[in-house]
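Peer 1: Coordinates for the following, if possible.
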Amino acid sequence: AVLESCGGGKCNWLDRVDVVGDRFQFVSNGQFDLVGQIQELMEILDRIASDDENKIVKDKGMLREDLYFSLLAKRQALAAQVAEDLKRHRPFTDVRASMVRFTYACLLGAEIFSDQDDRAQGASFNRLALEYLLPGLLIAPGAMVQSEVRWFTLNDRGEVVTVPECALYGFNALAIVEKIVRDHAGRAGWMKVMPNIKDAVYLQFMADTETLHEEVRKGLSFMDIRRMDTAEARSKMITCLRRWMIIYHAFPERMGQDFLDKSIKELVGDGLLSWLHFDGTGQLVTLHESEANGYAASVALRELLALSTRYTEEDLRSQISGNIFHKQILPQYDGLKRGNEPARLH
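Peer 2: Next comes the predicted model:
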């Protein structure tokens, strides 16, 4: 009963684990106090052992060991299931949900039995949890579950946050990791670990962005049926532009200016698409196609110019004017047929 309640059996009894102040709050998926119930079961076992010395009752250390190895078996079973899903190319397993439940069981095990292994065998519940949440920092990536599950991303300010997908499970991965590290190594330990987490997330975020940009570039390079739809390409490029700004804010001093340059190059017309044009009054405004996607290119360009140390407004105006002429005006002019008088008015 103790192992089942802790998550080492067949059912999951925890709805979520919240970080409240300096402690974990365990919320069961029923109307009962799960931690209190487990503690009552432990007291009953202690009374049975003390009342009858001949009665074989597992002590706390043995129960802890059983739970630990049960969780190891669950982890191995999940890895096997994911590998099978990959072979079939039909995922039947909600890997993130399984990892969340596993993490909750690890946290509950540490709460009930403590994270210190009295038998000095290095069996740490918290480490089991961190091996899922921080795989690249503790073990080789992909060493356990071959399906890549992301737990962290960067917000608009370039700060590390829990990925939005975790909200579906009420799972705050960053808060849980911080609590585990602080409990083990204090605030100083967290200040050492957090930069490593941010660096790993930053590199991952940057690689994903470059992959998306390459997809658009390749899609627009075709001139036949394989060519990417322009609306789809614009939507994906807007995502790239926003992600480049996030990358800049994450580490302005590292490669920040390079990513500002990428954004500026795209918006002035030296990239894959056109974003700006001059209205009837000669003002530089955003193309309708960009506005329809919720992206004000002219506003974004002014923000980029304010952050850039490599461009001036005069430089950009000259580039924009040249690109508008060669990519928007000249193609339309070249498409006119000689003697087509109705085209004079358009």
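
Peer 1: low pLDDT regions in the stretch 201-346 of the chain?
Peer 2: 326, 332-346 (pLDDT under 70).

Peer 1: Please enumerate the strands of it.
Peer 2: According to DSSP state E, counting those that start in this stretch, the stretch 201-346 of the chain carries its strands in the segments 276-278, 284-286.

Peer 1: Format these as a markdown table; extra columns: mean neighbour count and distance to Phe222.
Peer 2: Using the backbone N, CA and C atoms, a C-beta is placed for each residue, glycine as well. Listed next are the strands of the stretch 201-346 of the chain as a markdown table, based on neighbours: other CB atoms under 10 Å; distance: least, CB to CB, whole Å:
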| stretch | mean neighbour count | distance to Phe222 |
| --- | --- | --- |
| strand 276-278 | 17 | 25 |
| strand 284-286 | 17 | 27 |
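
Peer 1: how about the ones you listed in JSON lines, adding distance to Ile112?
Peer 2: Formatted as JSON lines, the strands of the stretch 201-346 of the chain follow (distance: least, CB to CB, whole Å):
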{"stretch": "strand 276-278", "distance to Ile112": "62"}
{"stretch": "strand 284-286", "distance to Ile112": "58"}
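
Peer 1: just so I know, which of those strands lies nearest Trp151?
Peer 2: The closest of these to Trp151 is strand 284-286. By CB to CB, the value is 35.7 Å.

Peer 1: Can you give the strand pairings for the closest one, parallel or anti for each?
Peer 2: Its sheet considered, strand 284-286 pairs with strand 276-278 (antiparallel) by DSSP bridges.

Peer 1: Pull the distance from stretch 173-193 to the chain's centre.
Peer 2: Computed by CA atoms, centre = their mean, to the nearest Å, the chain-centroid distance of stretch 173-193 equals 19 Å.

Peer 1: whoops, I mixed them up, stretch 248-267
Peer 2: 21 Å.

Peer 1: go on, stretch 30-39?
Peer 2: Centre-to-centre, stretch 30-39 and its host chain are 33 Å apart (CA atoms, centre = their mean).

Peer 1: what's Phe251 in contact with, if anything?
Peer 2: Contacts for Phe251 (CB atoms under 8 Å, 6 or more residues apart in numbering) come out as 158, 202.

Peer 1: Go again with 10 Å.
Peer 2: Neighbouring residues of Phe251 by CB atoms under 10 Å, 6 or more residues apart in numbering: 158, 198-199, 202, 206, 259.

Peer 1: Just put the residues you listed in a markdown table and tack on distance to Leu3.
Peer 2: Below are those laid out as a markdown table (distance: CB to CB, whole Å):
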| residue | distance to Leu3 |
| --- | --- |
| Gly158 | 43 |
| Lys198 | 37 |
| Asp199 | 38 |
| Tyr202 | 40 |
| Met206 | 43 |
| Phe259 | 50 |
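
Peer 1: Okay, and which of those residues map to helices?
Peer 2: The helices, defined by DSSP state H, take in 198-199, 202, 206, 259 from the contacts of Phe251.

Peer 1: between those residues, which is nearest Arg90?
Peer 2: Met206 (31.3 Å).

Peer 1: Looks like the closest one contacts Ile247 (just checking).
Peer 2: Yes: here Met206 reaches Ile247: they are 5.6 Å apart, a contact under CB atoms under 10 Å.

Peer 1: Overlap in contacts, the two.
Peer 2: Residues touching both Met206 and Ile247 by CB under 10 Å, 6+ apart: 154, 254-255, 259.

Peer 1: Report the two of the residues you listed separated the most.
Peer 2: Pairwise over those, using CB to CB, the maximum falls at Leu154 and Met255, 14.1 Å.

Peer 1: picking up where we left off before, nearest to Leu72, out of the strands of the stretch 201-346 of the chain?
Peer 2: Smallest distance to Leu72 across these (CB to CB): 55.7 Å, for strand 284-286.

Peer 1: thinking again about what came up before, between the ones in helices among the contacts of Phe251, which has the most around it?
Peer 2: Neighbour counts for the ones in helices among the contacts of Phe251, by other CB atoms under 10 Å, peak at Phe259, which reaches 24 neighbours.

Peer 1: Give me the packing partners of the helix or strand containing Lys87, helices and strands only.
Peer 2: Element membership of Lys87 [criterion: DSSP states H and E] is helix 60-88. Packing contacts for helix 60-88, counted by 3 or more CB pairs under 10 Å, 6 or more residues apart in numbering; DSSP states H and E, involve helix 2-5, helix 34-51, helix 95-113, helix 125-133.
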